[in-house]
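*Asks:* coordinates only, sequence not included:
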Ligand code: IPE
Ligand code: IPE
Ligand code: MG
């Protein structure tokens, strides 16, 4: 693929998002349109994951967070849940060497204690192997729910307040953030959702406070480099004001 950031004058690395988060939706519908089983859609979805990681790595996007399985997805038919767990294990097996070679840190967020032991083992090995990598962080949200994450952070904060390790006056946004699963990862600049639904579905509720939202009708297995570029271009055309007025933003630019 042509590196468009350096090869053309209208693409510069200026104003690229530091952190992109993606709700990878539409695998089931992709398969249904082709009279295939839903799991085939998830299988194709895994190829899109590889493409998205490579896109971010080659264009210098430092953080990519992918919503792979929500707390609510546990309610799906058992065959789909176990199929997804198997695919996840296969994904780690087939990709972790390349992820490591590319200096990418593999990270996971979510209620990992709910995952089968074999999957947790795989994850642990992948985390340990890549923990010192610096070029990029790939976070996969697994058994993840934003509300559950906030409750768990609130309980940790409560413990610290009770033990006296934290004073109420010192509790602010950034201290609270440090108790979330995403501690150490900046908030997403751009949130993409594929599959046409206009909702957040319990993803990164705290962290998306000021993210730019981008929705596309493309189903996740069809989300390719061109589609990713379109999302980036949309992001760059927006003015992020963070509550200020436009003149304040221009004068500080
Ligand atoms: C997203 O695709 C992947 C997961 C939630 C695991 P879906 O499986 O939700 O696909 P659709 O929305 O049914 O098409
Ligand atoms: C969101 O997709 C979760 C993931 C992509 C992992 P869903 O398909 O579960 O979301 P809803 O049910 O349409 O809101
Ligand atoms: Mg869906």
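*Replies:* On my side now, so go ahead. Everything quoted here is computed from the prediction, not taken from an experiment. Ligands and ions are numbered 1, 2, ... in the order given.
*Asks:* Whichever residue of the chain sits closest to ligand 2 in helix, strand or coil?
*Replies:* In the chain, the residue found nearest to ligand 2 is residue 201; the distance is 3.7 Å by Cβ to the nearest ligand atom. Using the backbone N, CA and C atoms, a C-beta is placed for each residue, glycine as well. Three-state assignment for residue 201 (DSSP: H, G, I helix; E, B strand; the rest coil): coil.
*Asks:* How much space separates it from residue 29?
*Replies:* Separation of residue 201 from residue 29 (Cβ to Cβ, to the nearest Å): 15 Å.
*Asks:* returning to what we had before: just confirm the residue of the chain closest to ligand 2 contacts residue 23, I think it does.
*Replies:* Yes - between residue 201 and residue 23 there is a contact at 6.4 Å, judged by Cβ atoms under 8 Å.
*Asks:* Common neighbours of these two, please.
*Replies:* residue 67 (Cβ atoms under 8 Å, 6 or more residues apart in numbering).
*Asks:* And the pLDDT at the residue nearest the centre of the chain?
*Replies:* Closest to where the C-alpha atoms of the chain average out (Cα atoms, centre = their mean) is residue 65, at 1.7 Å. Looking at residue 65, its pLDDT stands at 99.
*Asks:* Okay, residue 195 and residue 108: tell me how far apart.
*Replies:* Residue 195 is 22 Å from residue 108, where distance means Cβ to Cβ.
*Asks:* three-state assignment of residue 133?
*Replies:* coil.
*Asks:* circling back: quick one: residues in contact with the helix or strand hosting the residue nearest to the centre of the chain.
*Replies:* Secondary structure from DSSP states H and E places residue 65 in strand 63-70. The contact list for strand 63-70, computed with Cβ under 8 Å, 6+ apart, reads 18-24, 49, 52-53, 56, 84, 88, 109-110, 136-145, 182, 185-186, 188, 201-204.
*Asks:* now do 7 Å
*Replies:* For strand 63-70, the surrounding residues in contact (Cβ atoms under 7 Å, 6 or more residues apart in numbering) are 18-24, 49, 52-53, 56, 84, 136-145, 185-186, 188, 201-203.
*Asks:* Find the closest residue to ligand 1 in the stretch 101-250 of the chain.
*Replies:* residue 195 (5.3 Å).
*Asks:* Could you name the residue of this protein that is farthest from its center?
*Replies:* Max radial position in the chain (Cα atoms, centre = their mean) goes to residue 164, at 33.9 Å.
*Asks:* and the longest helix for this structure?
*Replies:* helix 78-101 (DSSP state H).
*Asks:* Show me what that one is packed up against.
*Replies:* Helices and strands touching helix 78-101, by 3 or more Cβ pairs under 7 Å, 6 or more residues apart in numbering; DSSP states H and E, are helix 38-59, helix 117-130.
*Asks:* Take those and write them to a markdown table, including mean neighbour count and mean pLDDT.
*Replies:* Output for the helices and strands packed on helix 78-101, formatted as a markdown table (neighbours: other Cβ atoms under 10 Å; pLDDT from 0 to 100):
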| stretch | mean neighbour count | mean pLDDT |
| --- | --- | --- |
| helix 38-59 | 19 | 98 |
| helix 117-130 | 15 | 98 |
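*Asks:* So for residue 234, which of those helices sits nearest?
*Replies:* helix 38-59 (15.3 Å; Cβ to Cβ).
*Asks:* How far off centre is the closest one?
*Replies:* For helix 38-59, the separation from the chain centroid amounts to 12 Å (computed by Cα atoms, centre = their mean, to the nearest Å).
*Asks:* is it anywhere near ligand 2?
*Replies:* No - applying Cβ under 6 Å from any ligand atom, one finds helix 38-59 separated from ligand 2 by no less than 9.2 Å.
*Asks:* Now do that helix against strand 63-70, angle only.
*Replies:* 170 degrees (axes from the mean of the first three to the mean of the last three Cα atoms, to 10 degrees).
*Asks:* List the contacts of helix 38-59.
*Replies:* With Cβ under 7 Å, 6+ apart as the test, helix 38-59 has contacts from 3, 5, 16, 20, 22, 24, 27-28, 30-31, 64, 66, 80, 83-84, 87, 91, 95, 102, 104, 135-136, 138, 220-221, 223-225, 228.
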